[in-house]
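**Student:** fold the stuff below for me.
(one chain, ligands or ions: 2)
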Amino acid sequence: MSFTDKTIQCSDCGTDFSFTAGEQEFFQSKGYTNEPKRCPPCRQARKSERNGNGGNSYGAPRQMFSAICADCGRDTEVPFEPTNGRPVYCSDCYSKVRLSR
Ligand SMILES: [Zn+2]
Ligand SMILES: [Zn+2]
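**Tutor:** Ligands and ions are numbered 1, 2, ... in the order given. Down below sits the predicted model:
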């Protein structure tokens, strides 16, 4: 079985991308029968979109909350909702706090 590079037009952005022989072999070894429909950047974008909006697949949506660092008082952003009484640190102070423990 031999494969040759194929040019496929991305169904999302219309860019031509190559579905290389190596990738075709990989697809076949995985049992995939469908050719990719999207160029790699669009595939990536779709993936992260799904992870961001689905919410229940895995990981939290990457929403950032603004907070004030409990140590240096700078404005910072944290990937979780700051709760009352729980100190929030900017990334600089967070690593310091972690190291000092
Ligand atoms: Zn594309
Ligand atoms: Zn800080």
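
**Student:** helices and strands of this protein: which one has the lowest mean pLDDT?
**Tutor:** helix 40-54 (a mean of 80; mean pLDDT, DSSP states H and E).

**Student:** and the spatially most central residue of the chain, how far from R62?
**Tutor:** In the chain, the residue lying closest to the centroid (Cα atoms, centre = their mean) is S48, at 4.3 Å. S48 sits 9 Å away from R62, going by Cβ to Cβ, to the nearest Å. Yep, even glycine has a C-beta here, placed from its N, CA and C like the rest.

**Student:** contacting residues for Q24?
**Tutor:** F3, K6 (Cβ atoms under 8 Å, 6 or more residues apart in numbering).

**Student:** and it, that one's in a helix?
**Tutor:** Yes - the assignment for Q24, made by DSSP: H, G, I helix; E, B strand; the rest coil, places it in a helix.

**Student:** could you measure from it over to A70?
**Tutor:** Q24 is 54 Å from A70, by Cβ to Cβ.

**Student:** can you pull the contacts of T7?
**Tutor:** D16, F17, S18, F19.

**Student:** for those, which one is nearest ligand 1?
**Tutor:** Comparing the contacts of T7 against ligand 1 with Cβ to the ion picks out F17 as the nearest, at 7.1 Å.

**Student:** what's the neighbour count on the closest one?
**Tutor:** The local packing of F17 (other Cβ atoms under 10 Å) involves 18 other residues.

**Student:** pretty sure it is in a strand, no?
**Tutor:** Yes - according to three-state DSSP, F17 belongs to a strand.

**Student:** could the contacts of T7 go into JSON lines alongside pLDDT and distance to ligand 2?
**Tutor:** Compiled in JSON lines, the contacts of T7 are given as follows (pLDDT from 0 to 100; distance: Cβ to the ion, whole Å):
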{"residue": "D16", "pLDDT": "96", "distance to ligand 2": "48"}
{"residue": "F17", "pLDDT": "96", "distance to ligand 2": "44"}
{"residue": "S18", "pLDDT": "95", "distance to ligand 2": "47"}
{"residue": "F19", "pLDDT": "95", "distance to ligand 2": "48"}
